[in-house]
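> Quick one, what's the 3D model for this:
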Amino acid sequence: MSGNESRLKAISAVVNYQPISAPLNFAETSAGDLFAVNVFNSKVMKQRLPKAVYKSLMETIQKGKKLDISTADAVAAAMKDWAIEKGATHYAHVFYPLTGLTAEKHDSFLSPNGDGSAVAEFSGEQLIQGEPDGSSFPTGGIRPTFEARGYTAWDVTSPAYILENPNGTTLCIPTAFVSWTGEALDKKTPVLRSMKALNEQAQRVLQLFGHEDGSIVTATAGPEQEYFLIDQNFYLARPDLLTAGRTLFGAKPPKGQELDDHYFGAIPERVLACMLETERELYKLGVPVKTRHNEVAPSQYEMAPVYENANVATDHQQLSMLTLKRVAAKYGLACLTHEKPFAGVNGSGKHVNFSFGTATLGNLLEPGDTPHENQRFLVFCAAVIRAVDKYGTLLRAMIASAGNDHRLGANEAPPAIISIFLGDQLTDVFEQIKTGKPTSSKQQGVLNIGVDTLPPLPRHAGDRNRTSPVAFTGNKFEFRAVGADQSIASPLIALNTIVAESLDYVATKLEAANGDFDEAVLALLKEIVDEHGRIIFNGDGYSAAWHKEAEFERGLPNLRSTVDALPALNSPEVVELFGKYNVLSKREVTSRWEVKLEQYIKAIQVEARLTLKMGQTMIYPAAMRYQSELALNCANLKAAGVAGDSAMLEKVSGLVQALQASLTELGALLRHEAADLEAEAQYMCHSVLPVMQTVRAHADALEGIVADDMWPLPTYQEMLFIK
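Numbers count the residues shown, from 1 in each chain. Below you'll find the predicted structure:
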């Protein structure tokens, strides 16, 4: 292909790419020595804090005891000295507003001392509390613009860390972000509240099983991250990728992912170099990254960590996305975390592996070798089943966004119907519970491959299901419907709270039971399976048959779009749920519902304005020039007495007219103003998006016809396959 000048320059830059930084000396320092080197963790605190202060902090971190404010000065002094030794000049309260992104407020350690010099200071008061603007972030009406006061509060359970920059380092302190009225303006505060609720209710169940050591039940998470890497030159030449995070135009290339040749293939050298440096940077920050590989779509990749405390995992996930984007730029790459940056190929999710357990008992969702005999596991597992069935619409609402709609409502893994995959072993156990007492568990076998030089492999008792939104994967539930660009805080808030509600129900039932405890447990399990077993589905979530069965036979909702899903978030049942467990007040719930509506509307508005601008200023002019070239050619041939290709001219002319008409229609639609947020969101979904799709359809058809040297945008073939 020839390509126009700007595309040729981008391709040339890719082909002639040279790294902008020297290769890492990976043999000089091992990954083990690097791990958490920039984290003010318990090991560092034990070395630097007085014993009493250290013990007090550990009581808070490990057992959930109330924070002793009097220890703050000692912690601040030790933290400051440690940070300055690592080159820090500033500290930053890091918080997580309702944008879903990471926010920071930086302050210098240095203070003038009156004699012309400066001294480094950092007090307990400065550690505990900061004061960023509380009105310039999305608040859903909690803080009017003229009321600006907001506070950041030190989260002692998530360790401080050093963030390196070529010109210095910064001490970063994870914090909660609340308004002057004490209401949560962030995602961390309700995560911590929901973890507290889960612990309180799980303790009641554990006590019934004779476990009374009081060891805190901690929710754990391990979020997998899918993302695309493309050359930065292509990225900068695409206004849609640059501004909206996804391509609003782009014809399907001759080859996509049909051959399944990218998935788990050899990682390209430049990409692998980027991955290796990303991992080393994350190791320094204590992020337990474990896995990397090629994903399904061309230029799509994945990394996954080991699971950890859910609050810390949420902070680490934000760090991971920032680090991916920052390191990718060093290698001339752009990291795309949008759920659907390229139409027609696999989108990107963020599978959140969720469980909970204690330091003494371990993972409470560990079934053991004989799950049918493990009463405690069955009770906790049944509580999750009940929670997901009862509050499936809340789970769907919490992961609703304009970007995620391209996956969940578009026949891509997983579907928008919330269901649970249990696998053969657990499904069989719960089927036995329905008819009586479970007496057996399917056991894992041995897989003989038929080659003597290869060892026999242990085969799990059940297969996996990649089409299930919530799948049990051995000792945890994997929530696969979370979008790649989303914070995992919202789904964790929902999971923690709905499981807490189910455990409350379970504990209340068992506490009130008279007679044999084992019989009471069996009766409870049977009740849950009978009432909530409809949520269990081990089949193909893509199939039309399942969609029909889910809706008409099981009564499971299929909320394909954000506007379909969001009403559940502000429903009386959800408001009551969050209020009962002190996770979110009615006003805080309403604020999040409003913010999600606003974000959906604004995302579509941005995309629509981009579609209009790119269509009018880039694609339509290119198509017109080609139309003129064809018309001139036909006229010249006719003058010479030679028959010209008028059919192609007519085809191009028809598409140009259709493109112009659809752009005019889109422009008119953008002048609309609805009466309220819900009406505007409905309008964006049902009026604006379809016309955007029409504009794209005409433009993509023209891309397949217009002379390549006239087409103004890097194509899918170039972006996805030129490394």
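> Could you report the neighbour count for the residue lying closest to residue 685 once chain neighbours are set aside?
For residue 685, the nearest residue in space outside its immediate sequence neighbours is residue 563; the separation is 4.6 Å by CB to CB, 6 or more residues apart in numbering. Using the backbone N, CA and C atoms, a C-beta is placed for each residue, glycine as well. For residue 563, the number of neighbouring residues by other CB atoms under 10 Å comes to 21.
> pretty sure residue 563 is in contact with residue 682, am I right?
Yes. Look at residue 563 against residue 682 with CB atoms under 8 Å: they come within range, at 5.4 Å.
> hmm, back to that, hang on, the residue nearest to residue 685 in a strand?
No. Residue state for residue 563 (DSSP: H, G, I helix; E, B strand; the rest coil) corresponds to helix; a strand is not indicated.
> Quick one: the helices in the stretch 351-500 of the chain, in order.
Along the stretch 351-500 of the chain, the stretches classed as helices by DSSP state H, counting those that start in this stretch are 375-390, 392-398, 405-408, 423-435, 489-511.
> which residues of the stretch 401-550 of the chain score low on pLDDT?
Segments of the stretch 401-550 of the chain classed as low confidence (criterion: pLDDT under 70) are 409-413, 445-464.
> Which parts of it are strands?
Remark: strands of the stretch 401-550 of the chain, listed N- to C-terminal, are 420-421, 445-447, 457-459, 470-472, 477-479; assignment by DSSP state E, counting those that start in this stretch.
> Paired strands for the last one, with orientation please.
Think strand 477-479. Here strand 477-479 has these sheet partners by DSSP bridges: strand 352-358 (antiparallel), strand 470-472 (antiparallel).
> gap between it and the chain center?
How far strand 477-479 lies from its chain's middle: 13 Å, per CA atoms, centre = their mean, to the nearest Å.
> Please tell me how far residue 116 sits from residue 72.
When distances are taken as CB to CB, to the nearest Å, residue 116 and residue 72 turn out to be 30 Å apart.
> higher neighbour count, these two?
Neighbours of residue 116 and residue 72, each counted by other CB under 10 Å, are more numerous for residue 72; the result is 21 against 6.
> ok, now which ones touch the more buried one?
123, 124, 125, 127, 128, 154 (CB atoms under 8 Å, 6 or more residues apart in numbering).
> Please narrow those residues to those residing in helices.
Taking DSSP state H as the definition of helices, those contribute 124, 125, 127, 128.
> Leaving out the residues flanking it, which one is nearest to the first one?
In other words, residue 124. The spatial neighbour of residue 124 that comes closest, neighbours along the chain excluded (CB to CB, 6+ apart), is residue 72 at 2.9 Å.
> For the helix or strand where the one you found lies, output the C-alpha coordinates as PDB.
The secondary structure element spanning residue 72 is helix 72-85 (assigned by DSSP states H and E). The C-alpha trace of helix 72-85 is given here as PDB (Å, rounded to 0.1, in the frame of the first residue of the first chain):
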ATOM      1  CA  ALA A  72       1.200   9.700  63.800                       C
ATOM      2  CA  ASP A  73       4.200  12.000  64.700                       C
ATOM      3  CA  ALA A  74       6.500   9.100  65.200                       C
ATOM      4  CA  VAL A  75       5.400   7.500  61.900                       C
ATOM      5  CA  ALA A  76       5.600  10.800  60.000                       C
ATOM      6  CA  ALA A  77       9.200  11.400  61.200                       C
ATOM      7  CA  ALA A  78      10.300   7.900  60.200                       C
ATOM      8  CA  MET A  79       8.500   8.100  56.900                       C
ATOM      9  CA  LYS A  80      10.100  11.400  56.100                       C
ATOM     10  CA  ASP A  81      13.600  10.300  56.900                       C
ATOM     11  CA  TRP A  82      13.200   7.100  54.800                       C
ATOM     12  CA  ALA A  83      11.800   9.100  51.900                       C
ATOM     13  CA  ILE A  84      14.500  11.700  52.000                       C
ATOM     14  CA  GLU A  85      17.200   9.000  52.000                       C
END
